[in-house]
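Student: model this:
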Amino acid sequence: MSYVIEHHGIKGQRWGVIRSEEELARARGTWRDRASDRKIERDKEKTRRLQEKAKRVQIKADMAEAKAKAKAAKVKATAEQKKAKAAADTAVKRKPLSQISDEELRDANNRLRMEEDYKRFMSNRHKPSVAERLTKSLQDAAIKAISETTAAYGKKVVYDMLKMSAEKEKKGN
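Tutor: Residues are numbered from 1 along each chain as shown. Model (predicted):
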């Protein structure tokens, strides 16, 4: 009895042809439709993008709500400050100086000092920088030089024209 090992290749395999993963999977019986896989991946990507967009929209909504709350708080604080100032002003103004307590007088003085500081700060808020001042002075100097040069040239032209007309009159007589 003789034992012979024979191999005739893979059924359906052609010599020199390399099969793709999909073809091999089909042959093994584990084949899945790649189109459905791509669709699943697209759906996952679309869901991820929509979730990200929902997060961004939620963040924007939260920021808008926070801004609205901050603005409302600022308006409320301003109104309370105005009320307090009006009450302090009327309380201090109505009483004679001898009847004003130290605390009321201190509060009124602090308020007036803060208002003056604020006015001074706002008036000095934009001081021109050294570069801006230098640029402005150079512009002014250039404008002055150009206007002087133009005026001098204009005078010379007028003088020359008058001189020429005087010479023509002398020749004509």
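Student: distance of residue 95 from residue 101?
Tutor: To residue 101, residue 95 is 9 Å away according to Cβ to Cβ, to the nearest Å. Placement of C-beta: from N, CA and C, glycine included.
Student: show me how far the helix or strand that contains residue 77 is from its chain's centre.
Tutor: Per DSSP states H and E, residue 77 falls inside helix 34-94. Offset of helix 34-94 from its chain centre (Cα atoms, centre = their mean, to the nearest Å): 18 Å.
Student: that helix - contacts with which helices or strands?
Tutor: helix 102-123 (3 or more Cβ pairs under 8 Å, 6 or more residues apart in numbering; DSSP states H and E).
Student: ok, back up a step: report the angle between the helix holding residue 77 and helix 102-123.
Tutor: 120 degrees (axes from the mean of the first three to the mean of the last three Cα atoms, to 10 degrees).
Student: residue 56: neighbour count?
Tutor: By the criterion of other Cβ atoms under 10 Å, residue 56 has 10 neighbours.
Student: from residue 70, how far off is it?
Tutor: 21 Å.
Student: please apply the same query to residue 37.
Tutor: As for residue 37, its distance to residue 70 is 49 Å (criterion: Cβ to Cβ).
Student: all set, thanks.
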